[in-house]
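*Asks:* model the structure of this input:
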Amino acid sequence: MTAAFWISPLGEILPVVTSHIAAVIEDPATFRMTLGQIEEVYSRHREPVGLEGHAREEILRGLLKRRCIRIREHRTHWSIQFSTASPKTLWRIRTWARTALRRGIVQDRYAPAHLVGLHDDYNREIEFQHLKAMTEPAT
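*Replies:* Here you go, the predicted model:
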């Protein structure tokens, strides 16, 4: 499995062992949710808890809207999703990138990182090594 992380609204870096939704289901309190809330979303979509379907999408989008940041390493790039490219969000991404480079989490510092703001249409691709110096949204 490839590397994956959540960054909480408080800036905590949370490693993801299997999938982002599994991390939320295993410890809903960390994400300011309850298991009952998660089960209700899955029930509304008529999906079993943990399925990577519509309920998962609703839950993850809700967490991003509440200022969580979702990070996943793919074979050829890194995916970084968030609600909006606010200065605080970009600061958290920079902080995480510096930590990831320093700890050797990132094997290819030249790999592209694809940043997507789901609620402000922010969309940018940048070499991973440049994330640590990114300061403000590109126009």
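*Asks:* what residue spans form the domains of the protein?
*Replies:* Per automatic domain parsing, the structural domains of the chain span 16-65, 69-131.
*Asks:* T2: which of those domains is closest?
*Replies:* Among the domains of the chain, the nearest to T2 by C-beta to C-beta is domain 69-131 (4.1 Å). C-beta here means a position set from N, CA and C on the backbone, and glycine is covered the same way.
*Asks:* give me phi/psi at V116?
*Replies:* Backbone torsions of V116, given as degrees, to the nearest 10, read phi -130, psi 120.
*Asks:* helices of the chain, start to end?
*Replies:* Taking DSSP state H, the helices of the chain run over residues 20-26, 35-44, 54-65, 87-102, 128-131.
*Asks:* out of those helices, the one nearest I7 is which?
*Replies:* helix 87-102 (5.2 Å).
*Asks:* as TSV, the domains of the chain with distance to T2 and mean pLDDT would be great.
*Replies:* Listed next are those as TSV, based on distance: least, C-beta to C-beta, whole Å; pLDDT from 0 to 100:
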stretch	distance to T2	mean pLDDT
domain 16-65	10	96
domain 69-131	4	94
